[in-house]
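In: With the sequence up front, the predicted model follows.
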Amino acid sequence: MNPSVTATRSQSDFWNGFWRLAALKFSLTSLASIYLAAGAVSLVQPVDLAWLLATGFVIFMLEIAKNASGDVYDYDSGTDLRIRPEDKTDFSGGRRVLVDDLLSRRETWMISVGTALAGLVVGLAIVFWREPAALWFGVAGAVFAWSYHGPPLKLAYRGGGELAVFVSYGPLIAVATYLIQTHTLSGPVLWLSVPLGLMVAAFLWVNEFPDHDADRASGKRNLIVRLGKRSAALLLPVIYGAAFVITLALPAIGFPSSVLWGMLSVVPAAYACWAVLRDPETFYRTKPVQPAALVAFMLYAVGAGTGLFLS
């Protein structure tokens, strides 16, 4: 075989693997939180776009680092290898860069370390030239990113992954973004971010159903495995219900009524709950519940955030 052809294919595999780890559709979770916080910033001052982009870059780099290290741990535990073809979806089953032989273990760790360092450099720039207190949010974000899959906590394997996602993509990112922009912490912004965190956790929740059998066989005891599919299905409306109750209360703590545009998310959330409750075992094979859960948290962020911008 022509060596140049082999080299080209290997380079192509590397970048295909990199962008699979970047998982752009999942990065909408952090983008949603940043946009929501920017809407809150606009109520008190103009948004500084340069620092907003810097914040987004740091978070995006940490996400890639998390996904890369997580792919190694999920491969080693066997969970990615045990997923049956009929249970693989576009939103679950891991990034599978090792399973599909797109990247070597060394390349995957190289991407994890490299993106983490890139995030660290820009994060330190934010700390030294914009907001020193952002350091503690960065440390917390890095701990959550590593500990989601990595030792010693291995949250995704011990039933803590859902809580970590709620905290990270709700209060942590939103409050940190607001702090970097305004140099202040805000209790109302924290409450604004809680419904988003709950809806992102609900997105993870439905994404864990297809992996249930593989996760259980591999010792990955997330909450879906611990509860079982039928019990976990009953909790999905509770998660969404809590998010909507808090959303409806936001005008009472000082937000303009336009924040209620976030209630547009009721429609896809209701559909997701109906489909999961109707068939908790295999809904993901016939119903677009996972895309609906993604649309739900995006509609909350875009609706509520845009309502704040326009007010």
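Out: Perfect, thanks for sending it.
In: ok, now which ones touch residue 36?
Out: 174, 192-193, 196, 300-301, 304-305 (C-beta atoms under 8 Å, 6 or more residues apart in numbering). For glycine as for every other residue, the C-beta is placed from the backbone atoms N, C-alpha and C.
In: let's see 6 Å
Out: If a contact means C-beta atoms under 6 Å, 6 or more residues apart in numbering, then residue 36 has 174, 196, 301, 305 as its contacts.
In: do residue 186 as well
Out: Residue 186 touches residue 178, counting by C-beta under 6 Å, 6+ apart.
In: ok, it to residue 43 distance?
Out: Per C-beta to C-beta, to the nearest Å, residue 186 is found 10 Å from residue 43.
In: what's the answer for residue 233, then?
Out: Counting by C-beta to C-beta - residue 233 and residue 43 are separated by 38 Å.
In: Which neighbouring elements make contact with the helix or strand harbouring residue 213?
Out: Assigned by DSSP states H and E, residue 213 belongs to helix 212-217. Helix 212-217 is packed against helix 79-82, helix 223-227, with contacts defined by 3 or more C-beta pairs under 6 Å, 6 or more residues apart in numbering; DSSP states H and E.
In: Now the weakest link among these, please, by mean pLDDT.
Out: Among the helices and strands packed on helix 212-217, helix 79-82 carries the lowest mean pLDDT, a mean of 92.
In: can you give me how far it is from the chain middle?
Out: Taking the mean of its C-alpha atoms, helix 79-82 sits 21 Å from the chain's own mean (C-alpha atoms, centre = their mean, to the nearest Å).
In: Sort out which residues of the helix holding residue 213 are buried, please.
Out: By neighbour count, with 16 or more other C-beta atoms under 10 Å as the criterion, the buried positions of helix 212-217 are 212-216.
In: cool, stretch 283-301 as well?
Out: So for stretch 283-301, counting by 16+ other C-beta under 10 Å, buried means 283-284, 287-301.
In: Dump the C-alpha coordinates for that stretch into PDB.
Out: Listed next in PDB are the C-alpha coordinates belonging to stretch 283-301 (Å, rounded to 0.1, in the frame of the first residue of the first chain):
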ATOM      1  CA  PHE A 283     -38.400   4.100  23.800                       C
ATOM      2  CA  TYR A 284     -35.100   5.200  22.200                       C
ATOM      3  CA  ARG A 285     -35.500   2.700  19.400                       C
ATOM      4  CA  THR A 286     -38.700   4.200  18.100                       C
ATOM      5  CA  LYS A 287     -39.200   7.700  19.600                       C
ATOM      6  CA  PRO A 288     -37.000  10.800  19.300                       C
ATOM      7  CA  VAL A 289     -36.900  11.300  23.000                       C
ATOM      8  CA  GLN A 290     -33.200  12.200  23.200                       C
ATOM      9  CA  PRO A 291     -33.400  15.000  20.600                       C
ATOM     10  CA  ALA A 292     -36.600  16.200  22.400                       C
ATOM     11  CA  ALA A 293     -34.700  16.400  25.700                       C
ATOM     12  CA  LEU A 294     -31.900  18.400  24.000                       C
ATOM     13  CA  VAL A 295     -34.500  20.800  22.400                       C
ATOM     14  CA  ALA A 296     -36.100  21.200  25.900                       C
ATOM     15  CA  PHE A 297     -33.000  22.600  27.600                       C
ATOM     16  CA  MET A 298     -32.100  24.700  24.600                       C
ATOM     17  CA  LEU A 299     -35.600  26.200  24.400                       C
ATOM     18  CA  TYR A 300     -35.300  27.100  28.100                       C
ATOM     19  CA  ALA A 301     -32.000  28.800  27.600                       C
END
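In: The biggest helix by length in the chain packs against which elements?
Out: The helix spanning the most residues in the chain, taking DSSP state H as the definition, is helix 49-77. Helix 49-77 sits against helix 3-22, helix 105-129, helix 134-147, helix 173-182, with contacts defined as 3+ C-beta pairs under 6 Å, 6+ apart.
In: Where does residue 266 sit: helix, strand or coil?
Out: helix (DSSP: H, G, I helix; E, B strand; the rest coil).
In: picking that back up, out of the helices and strands packed on helix 212-217, flag the one nearest residue 88.
Out: Shortest distance between residue 88 and these, using C-beta to C-beta, is found for helix 79-82: 9.9 Å.
In: Which one of residue 233 and residue 43 is surrounded by more residues?
Out: Neighbours were counted for residue 233 and for residue 43 using other C-beta atoms under 10 Å; residue 233 has more, 23 against 16.
In: ok, residues contacting the helix or strand harbouring that one?
Out: Residue 233 belongs to helix 229-249 when assigned by DSSP H and E. By C-beta under 6 Å, 6+ apart, the surrounding residues in contact with helix 229-249 are 194-195, 198-199, 202, 212, 224, 262, 269, 273, 276-277, 280-281.
In: could you redo the last one with a cut-off of 8 Å?
Out: For helix 229-249, using C-beta under 8 Å, 6+ apart, the contacting residues are 191, 194-196, 198-199, 201-202, 205-206, 208-209, 212, 223-224, 227, 259-260, 262-263, 265-266, 269-270, 272-273, 276-277, 280-281, 296, 300, 304.
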